[in-house]
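Enquirer: after the sequence you'll find the predicted model.
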Amino acid sequence: MMIADHHKITPSNANPNSLVEPFRQADWIDLTGGVRRFAIPRPFVARLFASWPDAGFHWRLVQLTLDRFRTHPLSPLPMVRL
């Protein structure tokens with residue numbers, strides 16, 4: 001479930017006692033740069049981003065998305081699921 005659901009937009013249907021949903025939320029916090037925080041305090045998220053810089057990861061995601069969009073305009077983010 002962790003692999004299948006970590007790119008979901010909607011909440012996971014996994015066992016509520018599993019870590020799938022917290023990891024899914026963490027992935028969205030990372031991807032959005034903290035814009036989507038799931039009620040986690042903004043200063044805490046900011047400290048996390050300051051502690052662990054992305055080393056170009058987010059810029060690379062932008063590049064890959066634009067490349068994919070050029071060849072598959074109706075499916076620019078195939079990994080994202082509802």
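Expert: The structure has been received and is ready for your questions. Numbering: from 1, shown residues only.

Enquirer: quick check: longest helix of this structure.
Expert: In the chain, taking DSSP state H as the definition, the longest helix is helix 57-71.

Enquirer: any idea how far that one is from the chain center?
Expert: Its chain's average C-alpha position is 14 Å from that of helix 57-71, according to CA atoms, centre = their mean, to the nearest Å.

Enquirer: then stretch 61-80?
Expert: Stretch 61-80 sits 15 Å away from the centroid of its parent chain (CA atoms, centre = their mean).

Enquirer: show residues contacting it.
Expert: Stretch 61-80 is contacted by residues His7, Lys8, Ile9, Leu31 when judged by CB atoms under 8 Å, 6 or more residues apart in numbering. Where C-beta positions appear, they are placed from N, C-alpha and C, glycine not excepted.

Enquirer: narrow these to those in helices?
Expert: Leu31.

Enquirer: buried residues in the worst-scoring helix or strand of the chain on mean pLDDT?
Expert: Within the chain, no helix or strand scores below helix 2-5, which has a mean of 88 by mean pLDDT, DSSP states H and E. Judged by neighbour count (16 or more other CB atoms under 10 Å), helix 2-5 contains these buried residues: Asp5.

Enquirer: ditto for stretch 36-51
Expert: Buried residues in stretch 36-51, counting neighbours by 16+ other CB under 10 Å, are found at Val45.

Enquirer: what are the contacting residues of it?
Expert: Stretch 36-51 has contacts (CB under 8 Å, 6+ apart) with Gln25, Trp28, Ile29, Gly33, Gly34.

Enquirer: of the residues you listed, grab the buried ones for ChimeraX.
Expert: The ChimeraX command for the buried members of the contacts of stretch 36-51 (criterion: 16+ other CB under 10 Å) is given here:
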select :25,28,29,34
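
Enquirer: from the contacts of stretch 36-51, pick the one nearest Arg81.
Expert: Trp28 (12.3 Å; CB to CB).

Enquirer: per-residue pLDDT, Gly34?
Expert: Each residue has a pLDDT score; the one for Gly34 is 93.
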